[in-house]
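>>> got a sequence here, can you model it:
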Amino acid sequence: MCQNLNDNTLKAKYPWYFVLKSIFIQCGLFEVWRTHNYPNAKWLKLSIKQKLRDLFINEWFSSIENSNNVLFYRIFKTNFGLEPYLKNTPTSLVYYTIKFRTRNHRLHIETGNWIRTTQNERVCLNCNKLGDDYHYLFECLIFDNERKDLIKRYYMYYRSPCTY
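Below is the predicted model:
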């Protein structure tokens with residue numbers, strides 16, 4: 001069907017064709033695309049699915065490694081997937097935990113980012129210290145009572161993820 005048509009005609013008439021072709025190329029399966037030679041449909045489907053998943057996870061890791069906005073997130077999020085503790089947490093708390101971890105909140109460290117305040121100027125309005133995620137979770141005096149009720153004492157001391 002498509003071998004006798006040029007690329008421009010194919011793009012106009014079959015836009016999905018180029019999307020599909022780019023997926024094969026992304027997955028390193030251009031030779032399969034070109035020759036239509038593969039063991040069976042199940043193998044092809046599983047192979048593409050696994051390669052797209054691997055590409056996504058690599059891109060995810062790269063984006064969190066190269067972003068200054070997720071320093072705190074990197075401490076807790078070392079694997080791709082749902083964290084086991086979220087399964088045992090009440091739904092109402094899961095919502096707020098995820099909002100905090102993904103910086104979808106209105107703490108000064110994030111709102112300062114919206115108005116382009118430099119990171120070292122985003123101080124806690126209560127303590128006048130750098131108001132980063134770590135500060136609000138472990139140091140800020142305004143959350144002292146909640147911290148004592150909700151966080152076990154041995155979590156209160158920061159250890160770099162590299163020092164085990």
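
>>> can I get the worst-scoring helix or strand of the chain on mean pLDDT in CSV? Just the C-alpha atoms.
The weakest-scoring helix or strand in the chain, judged by mean pLDDT, DSSP states H and E, is helix 71-76 (a mean of 73). The C-alpha trace of helix 71-76 is given here as CSV (Å, rounded to 0.1, in the frame of the first residue of the first chain):
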residue,chain,number,x,y,z
LEU,A,71,16.5,18.1,45.3
PHE,A,72,14.3,17.0,48.2
TYR,A,73,12.2,14.7,46.0
ARG,A,74,15.4,12.8,44.9
ILE,A,75,16.2,11.9,48.5
PHE,A,76,12.9,9.9,48.8
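
>>> who are the packing partners of that helix?
Using 3 or more Cβ pairs under 8 Å, 6 or more residues apart in numbering; DSSP states H and E, the elements in contact with helix 71-76 are helix 41-65, helix 91-101, helix 133-134. (Glycine included, C-beta is placed from N, CA and C.)

>>> list the buried residues of stretch 26-34.
Residues of stretch 26-34 classed as buried under the neighbour-count rule (16 or more other Cβ atoms under 10 Å) are 27, 29, 32-33.

>>> coming back round to it: out of the helices and strands packed on helix 71-76, which is the most enclosed?
When the helices and strands packed on helix 71-76 are scored by mean count of other Cβ atoms under 10 Å, the highest mean neighbour count falls to helix 133-134 (a mean of 18).

>>> I'd like the next helix or strand past that one.
Next along the chain after helix 133-134, taking DSSP states H and E as the criterion, comes helix 144-150.

>>> how far off centre is that next one?
In terms of Cα atoms, centre = their mean, to the nearest Å, the centre of helix 144-150 is set 28 Å apart from its chain centre.

>>> do stretch 27-38 as well
Taking the mean C-alpha point of stretch 27-38 and that of its whole chain, the gap between them comes to 30 Å (Cα atoms, centre = their mean).

>>> that one - what's its average pLDDT?
Mean per-residue pLDDT for stretch 27-38: 94.
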